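Engineer: Fold the stuff below for me.
(one chain, ligands or ions: 2)
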Amino acid sequence: MASATSLSFRAGAAGASRVTAPAATRRAARKTRAAPTVRAHGPGGGVHLDPNESIAPSRAPKGVAGAAILDRDDGPERERKNVYVETYGCQMNVNDSEVMLSVLKDRGYDETGDMHDADVILVNTCAIRDKAEAKIWQRLAYFKSLRRKKKKSEKPVVGVLGCMAERLKTQLLEADQLADLVAGPDAYRDLPNLIEAVAGTGEKAMNVQLSVEETYADIIPVRKEGAHAAFVTIMRGCDNACAFCIVPYTRGRERSRDPASIEYEVRLLSEQGVKEVTLLGQNVNSYAYQEGETDFLSMLASGEGAVGDAAAGEGQAGAGGDGDGAGVMSAEVAAATAAGGSPFSGYAAGFSSRYAPERRREGAVQFAALLDRVAAIDPEMRVRFTSPHPKDFPDEVLEVIARRPNVCNCLHMPAQSGSTATLERMARGYTREAYLTLIDRVKEIIPGCAITTDIISGFCGETEEDHADTVSLMKAVGYEQAFMFAYSERDGTSAARHQEDDVPEDVKQRRLAEVIDAFRTTAAERQKEEVGRTHLVLVEGPSKKNERELTGKTDSAKWAVFADTPVGIYGGDEDEERTGGEKGVATPRAGEYVAVRVTGCSTGTLFGECLGRTTLTAFNEMHGGAYAEAKGTGAVAAAR
Ligand code: SAM
Ligand code: SF4
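Structural biologist: Ligands and ions are numbered 1, 2, ... in the order given. Have a look, this model is predicted:
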């Protein structure tokens, strides 16, 4: 190794990427600066958070980060450099990469799609399963081979970011010179400083401090131009301690983002023509924000735009409002929201966590209220969210989904297992029965709601009987989609420390195959029921397989494929509905809604005939839901 690892995190280095209005800038930087919560190193480089540690936010020294920003603003203009980013893992990682690009753009870096042309190569990583990490090690070896071919002055800086960085820390710097810098998920503001510290010096740099406050609330992510769907992160971290899961150790404590900043960002997206937002969080529906924690709106009122938001000016300062909305909110949610928070309603019936349920919730803006506020911004914009925990689905959340036509009727309900005994060993906080009762409640409050899940096969101590319970759960619920995994032990988790990974690999794989098979069988039956239905589809663009076909997603997040031919308007009078309409005939474009009648299906895709271009509101007025049953059956499904 060329040099000893040097940590380049230092006072003032975590510079928030703001450029104007020093007072507000200092305030924003102080409020979001990373504060350490890491207490001890676990086996294999894992890091454990002390469960007894206070969750009160720790404040960074006043003014330090602001001073660094002022220095930077006054400095000479630098030559712009190219950064190449590769992202692995979940949607949160995709959105995190957009956040880091925003930070870097502000400090003189442009994104390139060509790694050969890059001054900096960043790999945003996932640590959830061993396989995910194995892939990243291979990529790092490949980047090393690229570097070898370049002159010393042209060698790109290689950085490992995100969850694997947080988990392995110095191991990544020590391993065969594969990386120059390592930055955890709460250290993206510090990236420009880390890069500068290592570029051309042969030094190594690392910032893996976890924060109890960082939400990147003031950073507008750099998104693909013209995209019609966007991710918006609303909370970070996870306070659950599912025995198998590394997330609490790599992502830190739960913290929620100021709702005003979320509404601001969603409003900007709406103005840019984005038609679908997905609210993100490791435990998204655990969202709880105590009003007054930060001061996003007064920051805006002082005349600043958010980072990465060149177009946003004072005109946006009122963006904390409720859009069309208060009239559509339930009186209870509206009253509580006006008062700054919501009454606390607890977890879904039969669910628990290691914390008292009211912790940090009473008087806070909770997920139901936030979802309502976001949905009110643009009734033509679909709203989705992931990844939720089933415990955080009290009736209030289900009622908002049922009431708001633009909140998609598609819920991810990660079960993990269908066996109460396994769920207990996983420390999930519910039984099979409680989970099934919740599913019934969803079906009652949101008729026609699509339900999806995550399943782990072969967790510690899983018996054949436990496994059979999971197979039967797959059949009982009838999931529309499922993400199914063989258990992968992660160093540092409670399962790795206290339970034995005792299901042999071949048994794990056999059980996984049986779970997949059970899912496929019921999903195929459900797919057949789709034939004849008419769905509201948001067009994404040409199909990859056939350029003369278009693809798009239904409200239930299924792919639909249909011919790329001109159609009229759908949603007018009866004649137009039948004929596809004469007025406004045109080929549907990406970002438009169309009505598609399903004529056939494969396991994962619906094939159909496009009946016409429409709007979310018109379709809903016509059918009272996001899809309609075949004519003649008399039933209209997904009624709201
Ligand atoms: N917060 C969500 C919840 O409570 O269910 C899950 C998010 S987790 C980041 C994504 C999924 O990865 C989990 O639902 C689980 O199925 C899977 N997963 C997590 N740890 C795993 C492990 N050690 N082995 C296999 N799969 C795992
Ligand atoms: Fe992991 Fe989800 Fe459990 Fe949190 S709630 S520990 S993210 S599985």
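Engineer: Any regions of this structure where pLDDT drops low?
Structural biologist: Scanning the chain for pLDDT under 70 picks out 1-78, 292-345, 357-358, 572-583, 631-640.
Engineer: Point out the residues in it that sit beside ligand 1.
Structural biologist: Proximity of the chain to ligand 1 (C-beta under 6 Å from any ligand atom) is limited to residues 128-129, 244-245, 247, 282-283, 387, 389, 414, 416, 454, 456, 485, 487-488, 490. Yep, even glycine has a C-beta here, placed from its N, CA and C like the rest.
Engineer: wait, residue 291 sits on residue 370?
Structural biologist: No: if you go by C-beta atoms under 8 Å, residue 291 and residue 370 don't touch, sitting 11.6 Å apart.
Engineer: who has more neighbours, those two?
Structural biologist: Higher neighbour count among residue 291 and residue 370: residue 370, with 29 against 15, using other C-beta atoms under 10 Å.
Engineer: That one touches residue 234, doesn't it?
Structural biologist: Yes: between residue 370 and residue 234 there is a contact at 6.7 Å, judged by C-beta under 8 Å.
Engineer: Identify the contacts common to the two.
Structural biologist: The contact sets of residue 370 and residue 234 overlap at 262, 279, 287 (C-beta atoms under 8 Å, 6 or more residues apart in numbering).
Engineer: Confirm the second one sits in a strand?
Structural biologist: Yes: in this structure, residue 279 lies within a strand as judged by DSSP: H, G, I helix; E, B strand; the rest coil.
Engineer: Next, count neighbours for residue 616.
Structural biologist: Using other C-beta under 10 Å, residue 616 is surrounded by 20 other residues.
Engineer: Please read the previous query as pertaining to residue 155.
Structural biologist: Neighbours of residue 155 (other C-beta under 10 Å): 17.
Engineer: got a list of what the closest residue to it other than its chain neighbours touches?
Structural biologist: Distance criterion C-beta to C-beta, 6 or more residues apart in numbering; nearest residue to residue 155, sequence neighbours excluded, is residue 147 at 4.8 Å. Neighbouring residues of residue 147 by C-beta under 8 Å, 6+ apart: 155, 156, 158.
Engineer: Check the offset of the strand or helix carrying residue 147 from the chain's centre.
Structural biologist: Assessed by DSSP states H and E, residue 147 sits inside helix 130-148. For helix 130-148, the separation from the chain centroid amounts to 25 Å (computed by C-alpha atoms, centre = their mean, to the nearest Å).
Engineer: Just the buried residues of it, please?
Structural biologist: By 16 or more other C-beta atoms under 10 Å, the buried positions in helix 130-148 come out as 132, 133, 136, 137, 139, 140, 143, 147.
Engineer: Now do the helix or strand that comes right after that helix against helix 130-148: the angle between them, please.
Structural biologist: Next in sequence after helix 130-148, counting helices and strands by DSSP H and E, comes strand 157-162. Following axes from the mean of the first three to the mean of the last three C-alpha atoms, to 10 degrees, one obtains 170 degrees for the angle between strand 157-162 and helix 130-148.
Engineer: And the contacts of strand 157-162?
Structural biologist: Here strand 157-162 has contacts from 88-89, 93, 96, 100, 119-127, 136, 140, 143-144, 147, 172, 178-185, 188, 191, 194-195, 198-199, 250, using C-beta under 8 Å, 6+ apart.
Engineer: picking that back up, and the buried residues of helix 130-148, which is closest to ligand 1?
Structural biologist: Distance to ligand 1, by C-beta to the nearest ligand atom, is smallest for residue 132 among the buried residues of helix 130-148, at 9.7 Å.
Engineer: quick one: contacts for the residue lying closest to the closest one once chain neighbours are set aside?
Structural biologist: Counting by C-beta to C-beta, 6+ apart, residue 132 lies nearest to residue 126, which is 4.3 Å off, once chain neighbours are set aside. For residue 126, the contact set (C-beta under 8 Å, 6+ apart) comprises 88, 89, 90, 93, 132, 133, 136, 162, 163, 164.
Engineer: For residue 126, give its distance to residue 119.
Structural biologist: 25 Å (C-beta to C-beta, to the nearest Å).
Engineer: cool, residue 225 as well?
Structural biologist: Separation of residue 225 from residue 119 (C-beta to C-beta) stands at 22 Å.
Engineer: Then residue 151?
Structural biologist: Counting by C-beta to C-beta, the gap from residue 151 to residue 119 is 13 Å.
Engineer: now do residue 383
Structural biologist: Counting by C-beta to C-beta, the separation of residue 383 from residue 119 is 38 Å.
Engineer: ditto for residue 106
Structural biologist: Applying C-beta to C-beta, the value for residue 106 to residue 119 is 16 Å.
Engineer: Same question for residue 470.
Structural biologist: According to C-beta to C-beta, residue 470 and residue 119 sit 48 Å apart.
Engineer: So which of these two has more stuff around it?
Structural biologist: residue 470 (25 against 19).
Engineer: ok, now which ones touch that one?
Structural biologist: Neighbouring residues of residue 470 by C-beta under 8 Å, 6+ apart: 415, 417, 418, 419, 422, 455, 457, 511, 515.
Engineer: rewinding a little: between the shared contacts of residue 370 and residue 234, which is nearest residue 569?
Structural biologist: residue 279 (30.7 Å; C-beta to C-beta).
Engineer: and residue 611, what helix or strand is that in?
Structural biologist: Per DSSP H and E: residue 611 is located in strand 605-614.
Engineer: And whatever helix or strand comes next after that strand, what does it pack against?
Structural biologist: Per DSSP H and E, the first helix or strand lying C-terminal to strand 605-614 is helix 616-623. Counting contacts by 3 or more C-beta pairs under 8 Å, 6 or more residues apart in numbering; DSSP states H and E, helix 616-623 is packed against strand 534-542, strand 593-601.
Engineer: Can you tell me which of the residues of the chain next to ligand 1 are buried?
Structural biologist: Buried members of the residues of the chain next to ligand 1, scored by 16+ other C-beta under 10 Å, are 128-129, 244-245, 247, 282-283, 387, 389, 414, 416, 456, 485, 487-488, 490.
Engineer: So which of these sit within strands?
Structural biologist: 456, 485 (DSSP state E).
Engineer: Among the buried ones among the residues of the chain next to ligand 1, which one lies nearest to residue 525?
Structural biologist: With C-beta to C-beta as the yardstick, the closest approach to residue 525 among those comes from residue 414, at 22.2 Å.
Engineer: List the beta-bridge partners for the closest residue to the closest one other than its chain neighbours.
Structural biologist: Excluding its sequence neighbours, the residue lying closest to residue 414 (C-beta to C-beta, 6+ apart) is residue 454, at 3.8 Å. On the basis of DSSP bridges, residue 454 is bridged to residue 483.
Engineer: Thanks a lot, catch you later.
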